[in-house]
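>>> My questions concern the predicted model and sequence given below.
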Amino acid sequence: MLHRKIIFSFLRLLSIFKIPKKKLEQKITVVCFHRVSHEIDLSYPAMPLDIFHSLIKYYSENYSVILPDQISQKTDKPKLIITFDDGYKDFINIALPILVHYNIPAIMNIVVQPLLTGKPFWTQKLSYVINKKLELKENLDIEIGGQHKKFTLTPENAEKITLEIYRLLKDSATETRSIIISDLMEEAGIGPVNLLMDVNDLKLCMANNILIGSHSYSHEILSEKTSDVILEKEVKESKIELEKIIGQAITIFASPNGELNQKILNLAKEVGYKYFLTTEENIYLPNSDSSINVVPRILLYDKTVNENILRTRLFHANSKALFKMKNK
């Protein structure tokens, strides 16, 4: 870890990675956070508070942090939009005070189901199971697709195994996946738990310059194979329910896991979203001629400030692209 910190500190100092000023008015960097917390979650690690604080301070000094309705405004610094997905409850006490301190706006993309039911969505339940199994020092057994799979969990491999199980479950039918996860929670002795925001938290966000967007109804997998019924609920109904709760139009849809295909995009456009947020690592170039803008976002999750800063500057994405070109 120390070597990694030194390497990225050095790279940050190199002038070739300075923020580009060419076509400043057109290019917009959009970043995506998830959870910022003191709590230890080995299956889906949160960003530490000190890293987040340093990043927001850096953004406040080097960018003009805006919301979508300010895109056309001229600024002296590069434009940046900050987004959060999922709607973790500790955002209120951990991240929000830092944003308020630096007078920085952000977008919070909410999964609607926890707001209405007080119950977490399926990927959160999976995380609870992994963490509980680690606490109990037990292995994880799972039956899926007629196959029995056994995972030996350790603090070092928990995140990797969580992702592996997610990939196994994501292509299962919604009902099948729900049964599997419910059985795992019961086996681990996990009772009612929800780390996500409620309606009052949402209203507090709005009172502090946080714009609300939809992150679907239940964080369901959205692909070209997803049924029209499920798509309607995740894309359209989530918008309708959020608008009832906050009394304002919802114009932003952050697709779960960054999924993008023409079927979802057409529905999002049809129901009135103006922005469709993905997780493609790229710079956003607004298109005033389009009724819906597809907005790429840079995921931030690294454990060092400098690495996150370089990720913001697309160092990681450009390095991957260069590596692929060299290996063709």
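Yep, it's here. For clarity, every value in this text was computed on a predicted model and none was experimentally measured.
>>> Now do the contacts for residue 298.
Each residue near residue 298 by Cβ atoms under 8 Å, 6 or more residues apart in numbering is listed here: 29, 30, 31, 32, 281, 282, 311, 312, 314, 317. Where you see a C-beta, it was placed from the backbone N, CA and C, and this is true even at glycine.
>>> what's across from it in the sheet?
residue 31 (DSSP bridges).
>>> Helices of the stretch 51-200 of the chain, start to end?
Under the criterion DSSP state H, counting those that start in this stretch, the stretch 51-200 of the chain contains helices at 96-101, 112-117, 122-136, 158-170, 174-188, 199-206.
>>> Can you report how many residues neighbour residue 139?
10 (other Cβ atoms under 10 Å).
>>> gap between it and residue 116?
Counting by Cβ to Cβ, to the nearest Å, the gap from residue 139 to residue 116 is 35 Å.
>>> so can I have CSV of the helices of the stretch 51-200 of the chain showing mean neighbour count and mean pLDDT?
Listed next are the helices of the stretch 51-200 of the chain as CSV, based on neighbours: other Cβ atoms under 10 Å; pLDDT from 0 to 100:
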stretch, mean neighbour count, mean pLDDT
helix 96-101, 16, 98
helix 112-117, 18, 92
helix 122-136, 19, 93
helix 158-170, 16, 91
helix 174-188, 15, 89
helix 199-206, 16, 95
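>>> And those helices: which comes nearest residue 256?
helix 122-136 (8.5 Å; Cβ to Cβ).
>>> before we move on, back to that, pick out the lowest-pLDDT one from the contacts of residue 298.
Lowest in pLDDT among these is residue 317, which has 59.
>>> With residue 85 as the reference, name the closest of the helices of the stretch 51-200 of the chain.
helix 122-136 (11.0 Å).
>>> between the closest one and helix 158-170, how big is the angle?
140 degrees (axes from the mean of the first three to the mean of the last three Cα atoms, to 10 degrees).
>>> Tell me the spacing between the closest residue to residue 277 other than its chain neighbours and residue 297.
Leaving aside its sequence neighbours, residue 277 sits nearest to residue 254 (Cβ to Cβ, 6 or more residues apart in numbering; 4.0 Å). From residue 254 across to residue 297, the span is 8 Å (Cβ to Cβ).
>>> repeat for residue 118
28 Å.
>>> Of the two, which one has the most company?
residue 297 (23 against 11).
>>> Could you pull up the residues touching the more buried one?
Listed by Cβ under 8 Å, 6+ apart, the contact partners of residue 297 are 30, 31, 32, 83, 258, 277, 278, 279, 280, 281, 284.
>>> got a list of what the fourth one touches?
When the contact criterion is Cβ under 8 Å, 6+ apart, the partners of residue 83 are 30, 31, 32, 33, 106, 107, 108, 109, 213, 254, 277, 297.
>>> Adding distance to residue 207 as columns, could you present those in CSV?
Formatted as CSV, the contacts of residue 83 follow (distance: Cβ to Cβ, whole Å):
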residue, distance to residue 207
30, 24
31, 23
32, 23
33, 20
106, 13
107, 15
108, 12
109, 18
213, 17
254, 21
277, 23
297, 25
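>>> Without its sequence neighbours, what residue ends up closest to the residue most central in space within the chain?
The centroid of the chain falls nearest to residue 85 when counting by Cα atoms, centre = their mean (3.8 Å). Closest residue to residue 85 in three dimensions, ignoring its sequence neighbours and counting by Cβ to Cβ, 6+ apart: residue 109, at 4.9 Å.
>>> Quickly note the distance from that neighbour to residue 184.
For residue 109, the distance to residue 184 (Cβ to Cβ) stands at 27 Å.
>>> Burial check on residue 302, number of neighbours?
Residues contacting residue 302 under the criterion other Cβ under 10 Å number 18.
>>> burial count for the closest residue in space to it that isn't next to it in sequence?
Leaving aside its sequence neighbours, residue 302 sits nearest to residue 308 (Cβ to Cβ, 6+ apart; 4.9 Å). Counted with other Cβ under 10 Å, the neighbours of residue 308 add up to 24.
>>> ok so, going back, quickly list what's touching both of residue 254 and residue 297.
Shared contacts of residue 254 and residue 297 (Cβ under 8 Å, 6+ apart): 32, 83, 277.
>>> Can you give me every residue that contacts residue 201?
Per Cβ under 8 Å, 6+ apart, neighbours of residue 201: 87, 89, 91, 92.
>>> Domain-wise, how is this structure divided?
For the chain, the structural domains run 26-117+198-326, 122-188, going by automatic domain parsing.
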